[in-house]
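> generate coordinates for the sequence data below:
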Amino acid sequence: MTISTPDLYDQYGESLQIAEPGWQHYGGVKAFGGKVITVKAADDNSKVGEWLKKPGEGCVLVVDAGASRRHAFLGDNLAQAGIDNGWQGVVVNGCVRDVDLLLDMPIGVMALGSVPRKTEKRGLGEENIGLEFSGVKIEPGDYIYGDLSGIVVSKKKLL
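Below you'll find the model as predicted:
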C-alpha cells in the first residue's frame, strides 16, 4: 500500500480532516496508516504500553498527551512491542524518546517533539474516546494516514 496524503486529499478533498503542520517523523516507516485506537493520558503512558502489547491488527494508536513536552510517551521498548504485535504506527500529541533507535524501527511514529524523560506509570488514562487536537477530531474507528507531508483523518478506510 502506497500512502500519499497529498494524493488522498486530491481524491477525497474536504471529506478529510487535515492536521495542523508541525508533526515530526521518528519511526523508520515514513508513510503509514490504519484504523484508529485512541488513548488520552497526562504524564502517564501506562495505557500506551497496554495497547501496544496487544495485537494491533494493522491499527494506528493515537495518543493525546495534551501536547506535553514534559515526558515521552513512546520509546524504543514500546515501539518494539508495537512492531511485534502488528501495529502500523503511533501518533503522539506530545513527545517520544530514544529517537536514534526509533529511526531504524519498522513502524510509523509521528509526534510533536522528543524529550529524554519517561512518564510515570500509575495506570491512568482513558481509552477508546474521541480526541481533539491539532485542528482535527478523531474518533475510535476513524482512519488516519501520515507521511512526510502531514496527517489526514477519514471516517472511512481509503486504502
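> all contacts plus neighbour counts: C-alpha atoms, from now on.
OK.
> what helix or strand is G82 located in?
Assessed by DSSP states H and E, G82 sits inside helix 76-84.
> may I have whatever helix or strand comes next after that helix as PDB, with CA atoms only?
Downstream of helix 76-84, the first helix or strand assigned by DSSP H and E is strand 89-96. Presented in PDB, the C-alpha positions along strand 89-96 are these (Å, rounded to 0.1, in the frame of the first residue of the first chain):
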ATOM      1  CA  GLY A  89       2.100   3.200  13.700                       C
ATOM      2  CA  VAL A  90       1.800   5.600  16.700                       C
ATOM      3  CA  VAL A  91       0.800   9.200  16.600                       C
ATOM      4  CA  VAL A  92       1.600  11.100  19.800                       C
ATOM      5  CA  ASN A  93       0.200  14.600  20.500                       C
ATOM      6  CA  GLY A  94       3.300  15.000  22.700                       C
ATOM      7  CA  CYS A  95       6.800  13.700  22.800                       C
ATOM      8  CA  VAL A  96       8.800  10.500  22.200                       C
END
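> residue contacts, the spatially most central residue of the chain?
For the chain, the residue nearest the mean C-alpha position is V91 (1.4 Å; CA atoms, centre = their mean). By CA atoms under 8 Å, 6 or more residues apart in numbering, the contact set of V91 is 60-63, 109-111.
> ok, back up a step: the helix holding G82 packs against which elements?
Helices and strands touching helix 76-84, by 3 or more CA pairs under 8 Å, 6 or more residues apart in numbering; DSSP states H and E, are helix 46-52, helix 99-102.
> okay then, goodbye and thanks.
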